[in-house]
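Undergrad: Sequence and predicted model, in that order:
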Amino acid sequence: NAGVMQNPRHLVRRRGQEARLRCSPMKGHSHVYWYRQLPEEGLKFMVYLQKENIIDESGMPKERFSAEFPKEGPSILRIQQVVRGDSAAYFCASSPAAGRANTEAFFGQGTRLTVV
Amino acid sequence: SQQGEEDPQALSIQEGENATMNCSYKTSINNLQWYRQNSGRGLVHLILIRSNEREKHSGRLRVTLDTSKKSSSLLITASRAADTASYFCATDSGGSYIPTFGRGTSLIVHP
């Protein structure tokens, strides 16, 4: 059972271009979380999705950022018109469910976005 | 804003010593999870402890939870150089169940 797969591992974009980050959750997991991490800092929550639904996007900037988790295929975090401040590591996590049950969130290796 | 805050920010010890890291949080929680992150890598899940649990063990790891003090501790016994990493606690609370992270403790274990 493969873990959470993120690609690409490294992504370089010029200012103004679009960045697409992909996340395939663990098999059987239907919940996906996206986080952003700046150097020497913790992870900041961005968005929480279930299949075909955005459950909570309170941590995601209102402009330029969007996320989806279609019925088929990976979850996508899209950043339009990237700026240098978007440079960070973006992590995806998945869990089988959310609730009071024992629901660990498992993380991928992250995508390191560099905007030049 | 951060829910969990780890303490200390940095910890440097010799191999074989024990390492203790603490996590404090502000609001009542459902679960608390500890993660390890090696430099430039993803997060590895260590332990999840629920709000009605007080202590859990996994190998050389021991996690305690004191809900009256809104704090948790992670103890690594007989540390090894390979334990060098950043350690994060993540809490989820209310009906959200979204893990919220602190800034982490950077642990260095000298061989």
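TA: Received the coordinates, thanks. Numbers count the residues shown, from 1 in each chain, chains lettered A, B, ... in the order given.
Undergrad: Get me the contact residues on chain B for chain A.
TA: Proximity of chain B to chain A (C-beta under 8 Å from any C-beta of the partner chain) is limited to residues B:2, B:30-31, B:33, B:35, B:41-45, B:48, B:50, B:88, B:90, B:96-104. Using the backbone N, CA and C atoms, a C-beta is placed for each residue, glycine as well.
Undergrad: So how do I select the buried members of those in ChimeraX?
TA: Buried members of the residues of chain B next to chain A, defined by 16 or more other C-beta atoms under 10 Å in any protein chain shown, are picked up in ChimeraX with:
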select /B:30,31,33,35,42,43,48,88,90,97,98,99,100,101,102,103,104
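Undergrad: Keep only those of the residues of chain B next to chain A that are in strands.
TA: Among the residues of chain B next to chain A, DSSP state E puts B:31, B:33, B:35, B:43, B:44, B:45, B:48, B:50, B:88, B:90, B:100, B:101 in strands.
Undergrad: I'd like those as JSON lines, with pLDDT appended.
TA: Shown next, in JSON lines, are these (pLDDT from 0 to 100):
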{"residue": "B:31", "pLDDT": "90"}
{"residue": "B:33", "pLDDT": "93"}
{"residue": "B:35", "pLDDT": "95"}
{"residue": "B:43", "pLDDT": "91"}
{"residue": "B:44", "pLDDT": "93"}
{"residue": "B:45", "pLDDT": "92"}
{"residue": "B:48", "pLDDT": "92"}
{"residue": "B:50", "pLDDT": "92"}
{"residue": "B:88", "pLDDT": "94"}
{"residue": "B:90", "pLDDT": "92"}
{"residue": "B:100", "pLDDT": "89"}
{"residue": "B:101", "pLDDT": "91"}
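Undergrad: Return the member of these nearest to residue A:26.
TA: Set against residue A:26, the nearest of those by C-beta to C-beta is residue B:45 (11.4 Å).
Undergrad: quick one: contacts for that closest one?
TA: By C-beta atoms under 8 Å, 6 or more residues apart in numbering or on different chains, the contact list for residue B:45 reads A:104, A:105, A:106, A:107, B:33, B:35.
Undergrad: so where's the chain shaky on pLDDT?
TA: You didn't pick a chain, so chain A it is. Residue ranges of chain A with pLDDT under 70: A:1, A:98-103.
Undergrad: my bad, the chain I had in mind was chain B
TA: Residues of chain B meeting the criterion pLDDT under 70: B:1-3.
Undergrad: if you set the cut-off to 80 instead, what comes out?
TA: For chain B, the stretches with pLDDT under 80 are B:1-4, B:40, B:94-97.
Undergrad: Start from the N-terminal end of it and give the helices.
TA: Under the criterion DSSP state H, chain B contains no helices.
Undergrad: Equivalent analysis for chain A, please.
TA: Ranges of helices in chain A, per DSSP H: none exist.
Undergrad: residue nearest the centroid of it?
TA: Nearest to the mean C-alpha position of chain A, counting by C-alpha atoms, centre = their mean, stands residue A:34 at 3.3 Å.
Undergrad: I figured that one hits residue A:25, correct?
TA: No: counting by C-beta atoms under 8 Å, residue A:34 stays clear of residue A:25, with 11.4 Å between them.
Undergrad: Which strand residues bridge the residue nearest to residue B:82 when sequence neighbours are not counted?
TA: Excluding the flanking residues, the one nearest residue B:82 by C-beta to C-beta, 6 or more residues apart in numbering or on different chains is residue B:109, at 7.8 Å. Beta bridges link residue B:109 to residue B:13, judged by DSSP bridges.
Undergrad: Residue B:109: how many residues sit nearby?
TA: Neighbour count for residue B:109, taken as other C-beta atoms under 10 Å in any protein chain shown: 20.
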